[in-house]
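Novice: Sequence plus the predicted model coming up.
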Amino acid sequence: MIDLDQSSLAEIGEMIALANQIRNYPKEYCESCRGKIMATLFYEPSTRTKMSFQTAMLRLGGEIIGFDNPQSSSVSKGESLKDTVTVVSGYADILVVRHPLEGAAEAAAMYSRVPVINAGDGGHLHPTQTLTDLVTLYNEKGRLDNLCIGLCGDLKYGRTVHSLIKTMTRYHNNSFVLISTPELALPNYVKDIMNAAGCKYVEVSSLSEAMPMLDVLYMTRIQQERFATREQYEAQKGVYVLDREKLNMGKRDLKVLHPLPRVDEITPDVDEDPRAAYFKQTVYGMYARMALIFSMLMNPQYKRKKPPTQSSHPVECSNPKCITKTESYLPRLYFETGDMLECKYCDGRTLI
Ligand code: NCD
């Protein structure tokens, strides 16, 4: 599970239904992964994603191994991603990988003998957060289509935003309000996906202006760790803050989501409002991950679809945060789109 676009909408619908089934009847699933081992390879900090994966596996009756600090593993001795994955996939039945570089999960899946789940690859994608968001929207809004979705904050580096938009463009008549500074605007490749799907979107810089239009507001943290310099981060932090006053400009049935962690972009007095759905979202996330692990381990039908034809080129990917920059043994693989090469790992575009 590298990207949700490998699943059809029917399959995603089944996954949401399974998450709700497990939520309603947890006892029926508490032994379903008995004897199976999940390894979490976290090369980057995480609280929710790691713990929700771990509790998900434990609640299915399985066992967990892994590291959350590469300094305490052989990675600190210079071991490649390929070698770590080759070895650990001999110990575990499923791998969950989080990495600061873009395309790392795709690369890991090339060398793993067992299924790999992408738990976030740099500023690129975060499909299990999207599954979490879908379960939340389905239960809290009652639908996944005909929604006006505002996304606010770090739209440039926010992998949760990229994955969510990619998936929501596939449902009927969703539109997007992109609320950010010009410096943190959505990458062009995600805008191209919205355009290709015929989705309406507007880019605005004011949260107050956007509030009355929205059915859903997806707030995000300005991610200090993704900026090249401290000064660049300082210039962006604290620009967008959702407080009670702004919330009251929103619709009565608005739902506010946030992948968390929050820093200062939502004031704590918003938490008590029935429109705040972000803490419930974390619980939905655990059931979403239980459904995913269960499907990948227990359902022989669950197979990754063959990716479209890719070709090997000697050129280097132009994205400095691509996994091929540090894992030099990786074959350089691209999809050809006109006069551009699109990197198979990170979606970065390079002129031929
Ligand atoms: C997000 C992430 O790591 O991408 N959090 C999460 O997975 N729940 C967002 C963030 O770190 O700001």
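Specialist: The structure has been received and is ready for your questions.
Novice: Mind giving me the packing neighbours of the worst-scoring helix or strand of the chain on mean pLDDT?
Specialist: Ranked by mean pLDDT, DSSP states H and E, the weakest helix or strand in the chain is strand 311-312, scoring a mean of 76. Packing partners of strand 311-312 (3 or more CB pairs under 8 Å, 6 or more residues apart in numbering; DSSP states H and E): strand 333-337. C-beta coordinates here come from the backbone N, C-alpha and C atoms, glycine included.
Novice: So which elements touch the strand it packs on?
Specialist: Strand 333-337 is packed against strand 311-312, strand 340-343, with contacts defined by 3+ CB pairs under 8 Å, 6+ apart.
Novice: Pick the most deeply packed of those strands.
Specialist: Each of those was scored by mean neighbour count; the highest is strand 340-343, a mean of 20, by mean count of other CB atoms under 10 Å.
Novice: which stretch among the helices and strands packed on strand 333-337 comes nearest Ser295?
Specialist: Comparison of the helices and strands packed on strand 333-337 against Ser295 by CB to CB identifies strand 340-343 as nearest, at 28.2 Å.
Novice: Correct me if wrong: Arg111 contacts Val87.
Specialist: You called it Arg, but residue 111 is Tyr. No: assessed by CB atoms under 8 Å, Tyr111 is found out of contact with Val87, at 9.9 Å.
Novice: between the two, who's got more neighbours?
Specialist: Legend: neighbour count by other CB atoms under 10 Å for Tyr111 and Val87, higher for Tyr111 (18 against 12).
Novice: Get me the contact residues on the stretch 1-150 of the chain for the ligand.
Specialist: When proximity is defined by CB under 6 Å from any ligand atom, the stretch 1-150 of the chain lies next to the ligand at Arg48, Thr49, Gly120, His126, Gln129.
Novice: tell me the contacts of the second one?
Specialist: Residues counted as contacts of Thr49 (CB atoms under 8 Å, 6 or more residues apart in numbering) are Arg98, Ala119, Gly120, His126, Thr128, Gln129, Gly285.
Novice: Give me the three-state assignment for the second one.
Specialist: Counting by DSSP: H, G, I helix; E, B strand; the rest coil, the backbone at Ala119 sits in strand.
Novice: Counting neighbours, what do you get for it?
Specialist: By other CB under 10 Å, 26 other residues sit near Ala119.
Novice: Check what pLDDT the closest residue to it other than its chain neighbours gets.
Specialist: Take Ala119 and drop its neighbours on the chain: the residue closest to it by CB to CB, 6 or more residues apart in numbering is Arg98, 4.1 Å away. Arg98 carries a pLDDT score of 97 in this model.
Novice: who does Arg98 bridge with?
Specialist: Counting by DSSP bridges, Arg98 forms beta bridges with Phe42.
Novice: thought it was touching Ala39?
Specialist: No: between Arg98 and Ala39 there is no contact under CB under 8 Å: 12.0 Å.
Novice: which SSE is Leu155 in?
Specialist: Following DSSP states H and E, one finds Leu155 outside all helices and strands.
Novice: can you pull the contacts of it?
Specialist: By CB under 8 Å, 6+ apart, Leu155 lies in contact with Val161, Leu178, Ile179, Ser180, Leu184, Ala185, Leu186, Thr220.
Novice: 10 Å instead, please
Specialist: Listed by CB atoms under 10 Å, 6 or more residues apart in numbering, the contact partners of Leu155 are 161-162, 165, 178-181, 184-187, 190, 203, 218, 220.
Novice: Weed out the non-buried ones from these.
Specialist: Neighbour counting with 16 or more other CB atoms under 10 Å marks 161-162, 165, 178-181, 184, 186-187, 190, 218, 220 as buried within those.
Novice: need the contact list for Ile193.
Specialist: Each residue near Ile193 by CB under 10 Å, 6+ apart is listed here: Asp5, His162, Ile165, Lys166, Thr167, Thr169, Arg170, Cys199, Asp347.
Novice: Let's test this: what are the backbone torsions at it?
Specialist: Per-residue torsions, Ile193: phi -70, psi -40 (degrees, to the nearest 10).
Novice: tell me the pLDDT at it?
Specialist: 95.
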